[in-house]
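>>> Have a look at this prediction, sequence included:
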Amino acid sequence: MKGRLPIIGQPNPEVPRDVHLVGRYALGVTWADDHGSIYPFESLRRSCGCGACATLEVVGESAAWPQNIRRTDAGLAITWVDAHASVYPYADLRALCGCAACTGGH
């Protein structure tokens, strides 16, 4: 999405239209442009901007289980079961999408 300019009158593609659970271990985001992203909780926790979460030892559901997920003006806010709070700015979250369309894969 980097380098793309929004078309006037079109929704900003970096704004989530819907945030929902996908199965038991992932978060799904449907963006304003109808693109769907799936973020496994463990990889989402490791992508936290604090730096410490990148090396966090995740055992089962322990540290990578969300206690609270909410949309805020700053981004998607997740409080994890160990009380650590992460905020994922929407543009950064969209950039984390690992689908084939976003990564150039087939």
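That came in fine, so what should we check first?

>>> which residues touch residue 103?
By Cβ atoms under 8 Å, 6 or more residues apart in numbering, the contact set of residue 103 is residue 97. Any C-beta I mention is one placed from the backbone N, CA and C, and that applies to glycine too.

>>> Please tell me how far it sits from residue 20.
With distances defined as Cβ to Cβ, to the nearest Å, the gap from residue 103 to residue 20 amounts to 22 Å.

>>> Buried ones in stretch 26-44, by neighbour count?
Going by neighbour count (16 or more other Cβ atoms under 10 Å), the buried part of stretch 26-44 is 26-27, 29, 31-32, 35, 37, 39, 41-42, 44.

>>> how far is it from where the chain is centred?
6 Å (Cα atoms, centre = their mean, to the nearest Å).

>>> contact partners of that stretch?
Outside stretch 26-44, the residues that reach it (Cβ under 8 Å, 6+ apart) are 10-22, 25, 58, 64-66, 69, 76, 78, 86, 88, 93-94, 96-99, 101-102.

>>> Please flag which of the residues you listed sit within helices.
Using DSSP state H, the members of these that fall within helices are 93-94, 101-102.
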